[in-house]
Structure formats: structure tokens, C-alpha cells
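Visitor: Structure for the following, please:
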Amino acid sequence: MNIKYQIKNLRTKLKENYQFKTYLFSLFSIIITIIFAIYNIYLGIIYNTGWNISIAIYYGFLIIIRTYILYNENKLSKPNISEYKLNMQKKLYLKQCIMLFTIDILLIAPISIMVLGQKEVNYSTIPAISTAAYTTCKIILAIKNSLQAKKNNNLSIIMLRNINLKDSLVAILSLQYILIVTFESETDNNMLIVSCISTFCIWILLIIISIKTICKAIQINKTK
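Guide: Numbers count the residues shown, from 1 in each chain. Next up is the predicted model:
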């Protein structure tokens, strides 16, 4: 009976408490990202590709930021410091925005490997299929959750949704790289040029998102 009550209570929270749902799914997202990062490390070792190792490091930084957000949110949820929560969230939001911008700059390394250091890699179709499935799920969830996050004023939730959006964009880069090196014999120079252009555009989009969030964070911190 107790288990049934807990399951019912959890379902009610997921339906009615958007904040709780966001944090729960963020925790799940951290686990999935860890698995995907480890998988990329595995591919990097097996196929000797710098791209997979460097992109795994990028995902590692995303995991750190997500964990940092959830840790601070849990810390601020304690009743004795609830009155300071808003001011603390403002400061943490700016710090998290700067962290996110920094790792976007670090993304130059794997992008350079993709564009300049492409080499023949004998991937099987399994990495392509698994990355495609991961990317599809990430994009669908990121778009849906980003639209919902606009209705919420909690800065931690907004930041988590921004990270999910960036995660999905980087997943597109991963999928693009794996598809090109897997089916390299079937691609021509024009396709590679298109790949370079799309890679640059996605990276610029990531930078734009980071700059906008930093500007917003600075503006929020100026308001009292």
C-alpha cells in the first residue's frame, strides 16, 4: 500500500510540480550524458579518434555544470536560507552562464578536429545508429522543454533548459561527424564543404546563446 501511495504521489508531483519534474529529468539527463560520454571515450580508444575523446570531455563539462546547478538548488531549498535564495540564484546564474560560454570556446578543439583533421575511420553502423537515436531524443526534448521553460521564472530551470538545448546542438555535430566518416566513400567534396559550413553555423549559434544568457544574467543582477 505504501509503495502504491508513493508511486501515486510521484505521478502527482510530475504532473503538477514543473520544477520538481525539471530537476528529476535533469538528474536522469546527467546519467544519460555520462553514459554517452563514456561511450565516446570507448569509440575514441577503439577507433583512435581525437574527436570522440574531445567531445567526451565537452560532455564532461556539461555534466559538471548540471551537477553544480542541482547541488546549489538543493542547498538553497533549505528553509533557513530561503530568504536569500533569489539573490543567490542571480549570482549563480551569472557564474553558470560564464562557465557555459567558456566550454563553448573550448568546443573549438573538437570542431577543429572535425573540420581539419578528418581521417578515414572504420566505424560500424552501430555508432551512427546510436548517435542518431540519442540526437533525435535530445532535440525533441530540448525544444519541448525550452518552450515550457519560458513560462517559468526560476533561473536554475532556465539554465538547465539552456544546457539541454546546447547539448542537442552538440549532438547534431557528433551525428554529422560520425555519418561523414562512416560513409566517407559515398560523400563528395561538396558534402564536406556543407558539413564545415553547418558546423561553423552551429558553433556560432552556441556562442550567440551564451552571449545572450550572459547579457540577461548581468541585467538580472543589476535589478533589485
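
Visitor: in this structure, which spans are helices?
Guide: 2-16, 18-47, 50-76, 85-106, 108-116, 125-149, 155-182, 189-222 (DSSP state H).

Visitor: What is the neighbour count of the nearest residue to residue 38 once chain neighbours are set aside?
Guide: Excluding its sequence neighbours, the residue lying closest to residue 38 (CB to CB, 6 or more residues apart in numbering) is residue 56, at 7.5 Å. For glycine as for every other residue, the C-beta is placed from the backbone atoms N, C-alpha and C. As a burial measure, residue 56 scores 20 neighbours (other CB atoms under 10 Å).

Visitor: low-scoring pLDDT stretches of this protein, where are they?
Guide: 1-18, 77-84, 117-122, 146-152, 184-190, 224 (pLDDT under 70).

Visitor: Nearest the middle, which residue of it would you pick?
Guide: Nearest to the geometric centre of the chain sits residue 167, at 2.5 Å (CA atoms, centre = their mean).

Visitor: which residues does that one contact?
Guide: With contact set as CB atoms under 8 Å, 6 or more residues apart in numbering, residue 167 has these partners: 29, 33, 59, 62, 138, 142.

Visitor: Confirm for me that the second one is in contact with residue 65.
Guide: By that I understand residue 33. No: in this structure, residue 33 is not within contact of residue 65 by CB atoms under 8 Å, at 10.7 Å.

Visitor: list residues touching both of these two?
Guide: With CB under 8 Å, 6+ apart applied, the contact sets of residue 33 and residue 65 do not overlap.
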